[in-house]
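Q: need a structure here:
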Amino acid sequence: MADAKLSGAPLRAHVPSPTSPPPMANPGYGKRSAPGQLPRAAHDFAHLPPREAAIAAFIDRLPDGADISVKTLAKTTPYGQCALRTALNRLQREGHLRRGRESVPGESGSSQWITRTWFTRTARDDEWWAGFIRGDVPQGPPKAPPTRSRALILLAALGRTAPALSLSEADCAALAPLLTPWFERGATDESVLQALTTGLPVPVHSPAALIRTRLRDKLPPEPAPAPPPHRMLECSNCRVAGRPEALPGGLCSACRGEHAPARPNAPLSASTVHTRAAEIRAAMSLQQQERAPV
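A: Have a look, this model is predicted:
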């Protein structure tokens, strides 16, 4: 009897409950969410066939690190391995998934290459994936710009931490813009409070003037840029590694049915030309001798 899991029946929604967590891959492997995805919406996979849309929605709900290998998905969805391979290849062609390798620090300090499977509910074209492999796209979700309310709340709370730094509403409004570069450089509320309240003079004659000076003089440096990632893509069919531009849609040229153009013959050396010419003249002379009358 044919395996019922190979049927194309629509996939029923299956969200793993807290008491039944999804199977997780070995540490460092499994699903990896691509950065910069749009918020989840009902039409995320409307452009896909029903089976592929259902499988994509299922993977989208899984946490990072979940095992999304064909064998594991076959155990947690109503589809068999053959149907799942076809569906995952379709998701790859549509820009929702890429397979590849990434270099990460090992336990001994040396780097090691591990397999990655990146997934995004927001479909991406080959150009975007190439930029991602190079590290040219943000590596995390877009951060909301620091808000004025956060700065105002922090400044208003100074009086509870250090009564000598109690500020008026007008002082808070005037000083709040000076906190923006602190937040942009990754400062936490705790680090800002420590910079403003440690080592206060006695007495504090002008809290607003002291805070203004400290916010300007103690501004932390901009964080060093993260080193570019070391990544490469793999053909989803034969697993050959290559540059993104050589794997459009996640497939190499051989698996797409394309053949490499024939390489032009290398030019002959001068000695080889002379030797060939002498052989041709000798052959022509021999032919003339054979045709001469006896």
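
Q: pLDDT at the residue nearest to Phe45 when sequence neighbours are not counted, what is it?
A: Nearest residue to Phe45 in three dimensions, chain neighbours excluded: Ala53, at 3.9 Å (CB to CB, 6 or more residues apart in numbering). Placement of C-beta: from N, CA and C, glycine included. Ala53 is assigned 93 on the pLDDT scale.

Q: and the gap between Ala53 and Arg121?
A: For Ala53, the distance to Arg121 (CB to CB, to the nearest Å) stands at 11 Å.

Q: and Ala195, by the same measure?
A: 40 Å.

Q: same question for Trp128.
A: 14 Å.

Q: now do the contacts for Thr197.
A: Taking CB atoms under 8 Å, 6 or more residues apart in numbering, we find Thr197 in contact with Leu158, Thr161, Ala162, Leu165.

Q: next, count neighbours for the second one.
A: Okay, so that is Thr161. By other CB atoms under 10 Å, 12 other residues sit near Thr161.

Q: any idea how far Leu193 is from it?
A: Relative to Leu193, and taking CB to CB, Thr161 is found at 6 Å.

Q: let's verify Arg99: helix, strand, or coil?
A: strand (DSSP: H, G, I helix; E, B strand; the rest coil).

Q: and Ala162, how many residues sit next to it?
A: Ala162 - counted by other CB under 10 Å - has 16 other residues nearby.

Q: do you know the pLDDT at it?
A: Reading off the model, Ala162 has pLDDT 90.

Q: repeat that for Pro225.
A: 77.

Q: shift numbering so it begins at 43
A: Done: numbering now begins at 43, and the last item shifts to Pro267.

Q: could you find the closest non-adjacent residue to Pro286?
A: Ala172 is the one closest to Pro286 (CB to CB, 6+ apart), at 3.6 Å.

Q: of all pairs in the contacts of Thr239, which one is the farthest apart?
A: Thr203 and Leu207 (7.5 Å; CB to CB).

Q: isn't Asn218 right up against Ala193?
A: Not Asn; residue 218 is Ala. Yes: Ala218 is in contact with Ala193 according to CB atoms under 8 Å; the separation is 3.8 Å.

Q: for the residue nearest to Pro286, give me its contacts.
A: Arg285, Pro286, Glu287.

Q: could you dump the residues you listed into TSV with pLDDT added?
A: Output for the contacts of Ala172, formatted as TSV (pLDDT from 0 to 100):
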residue	pLDDT
Arg285	82
Pro286	84
Glu287	84
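
Q: among the residues you listed, who's most crowded?
A: For the contacts of Ala172, the largest neighbour count, defined by other CB under 10 Å, is 21 neighbours, found at Pro286.

Q: from what I see, that one and Asp168 are in contact.
A: Yes: using CB under 8 Å, Pro286 is in contact with Asp168, at 6.6 Å.

Q: quick one: pLDDT of the residue nearest in space to the middle of the chain?
A: Centroid check for the chain by CA atoms, centre = their mean gives Ala76 as the closest residue, at 4.4 Å. Looking at Ala76, its pLDDT reads 92.

Q: repeat for the one 3 residues further on
A: If you check Gln79, the pLDDT there is 91.

Q: same question for Val244.
A: Val244 is given a pLDDT of 90.

Q: coming back round to it: roughly how far does the residue nearest to the centre of the chain sit from Leu139?
A: Counting by CB to CB, the gap from Ala76 to Leu139 is 9 Å.
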